[in-house]
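In: heads up, no residue letters with this:
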């Protein structure tokens, strides 16, 4: 399926779940690896806020892209964020959704409040 680039410049993105290894197989505990590089993958939880609406999303990031200094509730930057629609059949049930992936997760500053005075 097609990968769609996500424009994040007008959004506020807050870290809600610390980076954890992405598990490929829950029964064996096997960690997911990038298909091209073989690097271990991590998942993070964020709230994506834009134009007064918010969404909780999980994002996959390569282990080397996880920056030091990340704090829960703090703003983060997700360079190279893309969305990929997916669908599958599991136990006879049709499932679908959107998978998010980025190149890195780094600390960011809060955007300046519009109309705020010093």
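Out: Cool, got the structure. Quick caveat, the model's predicted, so the values are computed rather than measured.

In: run me through the strand neighbours of the lowest-mean-pLDDT helix or strand in the chain, direction for each.
Out: Ranking every helix and strand in the chain by mean pLDDT, DSSP states H and E puts strand 23-25 at the bottom, with a mean of 89. The strands beside strand 23-25 in its sheet (DSSP bridges) come out as strand 30-31 (antiparallel).

In: now do the same for the residue lying closest to residue 109 once chain neighbours are set aside: its pLDDT.
Out: Nearest residue to residue 109, sequence neighbours excluded (Cβ to Cβ, 6 or more residues apart in numbering): residue 75, at 6.3 Å. In short, each C-beta sits where N, CA and C put it, glycine included. In this model, residue 75 is scored at 96, pLDDT.

In: one more: residue 115?
Out: So residue 115 comes in at 43 (pLDDT).

In: first-to-last residue distance for stretch 46-56?
Out: 6 Å (Cα to Cα, to the nearest Å).

In: is residue 100 in a bridge, and if so with what?
Out: residue 59, residue 83.

In: got the contact list for the closest residue to residue 89 other than its chain neighbours?
Out: The shortest distance from residue 89 to any non-neighbouring residue, by Cβ to Cβ, 6+ apart, is to residue 95 (7.2 Å). Residues near residue 95 by Cβ atoms under 8 Å, 6 or more residues apart in numbering: 87-89.

In: name the element residue 95 belongs to?
Out: Residue 95 is part of strand 93-101, with elements assigned from DSSP states H and E.

In: buried set for that strand?
Out: 100-101 (16 or more other Cβ atoms under 10 Å).

In: what's the mean pLDDT across that strand?
Out: Per-residue scores along strand 93-101 average to 93.

In: after that strand, next one along is what?
Out: Assigned by DSSP H and E, the successor of strand 93-101 is strand 106-107.
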